[in-house]
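Engineer: One predicted model, sequence on top.
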Amino acid sequence: MQIGFNMLLWTPFVTEEHFPLFAPLKETGYDGVELEIFEGTPDHYAKVARELDNHGLRRTGVTIIPDHERNVLSADPARRSAGVDHLKWAVDCAAALGAEILCGPFYQPLGQFTGTGPTAEEQQRAAAAHRAAAEYAAGAGIPLAVEALNRFECYFLNTLADTAAHVARVGHPNFHLMYDTFHANLEEKDPVGVIGEHLPLIKHVHVSENDRGAPGSGHVPWDATFRALRQGGYDAWLTIEAFGRTLPELAATTCVWRDFSASNEQVYELGFQTIRDGWRRAGEA
């Protein structure tokens with residue numbers, strides 16, 4: 001198991017000004033960081049990779065569909081093609097970063113709705129787009145892990161069962177699913193029980209408190225969650241995703257209007273302790 005920290009607590013685009021954050025994360029005990037791949041070029045991410053190498057930090061990547069012009073659910077073939085091109089760009093950036101996996105809700109623009117659930121046509125369009133992206137990513141040696149979001153942020157994939165069905169439609173060995181404790185807390189009847197049901201498909205996990213604050217400060221059942229993962233044989237990334245109100249560009253989608261923790265340091269320090277101690281207890285149970 002590896003413990004990671006998502007840089008979105010500070011920024012959606014890591015640049016040189018954020019490099020000083022790497023040392024305290026490494027000193028806390030993190031194995032790596034997760035970077036948002038929302039903009040930039042492969043050359044930029046290669047520069048970040050060199051700095052991460054200096055700190056001995058591994059990395060993962062996360063990306064999204066930024067707008068309707070690149071929506072892989074669209075009935076417009078040009079928009080779907082642009083969406084596949086966008087995912088290929090994200091893979092190129094992830095490869096330059098040295099990312100071990102690329103995850104995220106990369107199927108529709110966040111916060112956009114049609115007034116109904118996904119149609120069969122949308123499901124087939126997304127499957128074709130993701131199959132092409134998975135094949136391209138396989139050439140770069142980067143697995144893809146798609147994420148379900150709660151129904152207030154998207155309509156295409158809301159539960160692990162939805163996501164597992166989509167993975168089956170894609171039908172590519174390089175296309176998997178990820179589990180996020182925040183979204184599961186909202187959408188699953190049994191947020192812990194679904195882990196065992198879908199564990200063979202889970203290749204990445206976001207550790208996120210029920211209010212997006214420091215893991216261990218809310219009511220997510222961490223001991224039960226880590227027990228289900230560890231005893232089920234999960235041995236990949238546990239990456240903390242926590243938000244603050246320093247990102248106004250994301251506030252409309254994530255509905256973050258206030259601070260959830262006393263400080264960013266509390267988030268990564270308490271979060272690390274929550275994972276480290278909870279994983280140890282899971283192995284002793």
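Structural biologist: In hand now; what should we look at?

Engineer: Now do the buried residues in whatever helix or strand Leu87 lives in.
Structural biologist: Element membership of Leu87, judged by DSSP states H and E, is helix 77-97. Within helix 77-97, the residues that count as buried by 16 or more other C-beta atoms under 10 Å are 79-80, 82-84, 86-97. Every C-beta, even on glycine, is put in place using the N, C-alpha and C of the backbone.

Engineer: Using the three-state scheme, assign Arg276.
Structural biologist: helix (DSSP: H, G, I helix; E, B strand; the rest coil).

Engineer: what about it, how many neighbours?
Structural biologist: As a burial measure, Arg276 scores 15 neighbours (other C-beta atoms under 10 Å).

Engineer: show me the contacts for it.
Structural biologist: Ile3, Gly29 (C-beta atoms under 8 Å, 6 or more residues apart in numbering).

Engineer: So what touches stretch 164-181?
Structural biologist: 103, 123-124, 126-127, 130-131, 134-135, 137-138, 143-149, 157, 160, 163, 191, 194-195, 198, 201-209, 220, 225, 241.

Engineer: Which among those count as buried?
Structural biologist: Using 16+ other C-beta under 10 Å, the buried ones in the contacts of stretch 164-181 are 103, 123, 126-127, 130-131, 134, 137-138, 143-149, 157, 160, 163, 191, 194-195, 198, 201-209, 220, 225, 241.

Engineer: re earlier: please name every helix or strand in contact with the helix holding Leu87.
Structural biologist: helix 42-55, strand 58-62, strand 102-104, helix 120-139 (3 or more C-beta pairs under 8 Å, 6 or more residues apart in numbering; DSSP states H and E).

Engineer: for the first one, which positions count as buried?
Structural biologist: In this case it means helix 42-55. Pro42, His44, Tyr45, Lys47, Val48, Ala49, Leu52, His55.

Engineer: now those in JSON lines, with pLDDT?
Structural biologist: Shown next, in JSON lines, are the buried residues of helix 42-55 (pLDDT from 0 to 100):
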{"residue": "Pro42", "pLDDT": "98"}
{"residue": "His44", "pLDDT": "98"}
{"residue": "Tyr45", "pLDDT": "98"}
{"residue": "Lys47", "pLDDT": "98"}
{"residue": "Val48", "pLDDT": "98"}
{"residue": "Ala49", "pLDDT": "98"}
{"residue": "Leu52", "pLDDT": "98"}
{"residue": "His55", "pLDDT": "98"}
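
Engineer: Let's have these in JSON lines, adding distance to Ile64.
Structural biologist: Output for those, formatted as JSON lines (distance: C-beta to C-beta, whole Å):
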{"residue": "Pro42", "distance to Ile64": "18"}
{"residue": "His44", "distance to Ile64": "18"}
{"residue": "Tyr45", "distance to Ile64": "16"}
{"residue": "Lys47", "distance to Ile64": "22"}
{"residue": "Val48", "distance to Ile64": "18"}
{"residue": "Ala49", "distance to Ile64": "21"}
{"residue": "Leu52", "distance to Ile64": "22"}
{"residue": "His55", "distance to Ile64": "26"}
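
Engineer: Could you work out the most separated pair of these?
Structural biologist: Greatest spatial distance among these (C-beta to C-beta): Pro42 and His55, at 20.6 Å.

Engineer: ok so, going back, mind listing which of the contacts of stretch 164-181 are in helices?
Structural biologist: Members of the contacts of stretch 164-181 lying in helices (criterion: DSSP state H): 123-124, 126-127, 130-131, 134-135, 137-138, 160, 163, 194-195, 198, 225.

Engineer: and which of the residues you listed is nearest to Gln112?
Structural biologist: Once C-beta to C-beta is applied, the member of those that ends up nearest Gln112 is Ala126, at 14.1 Å.
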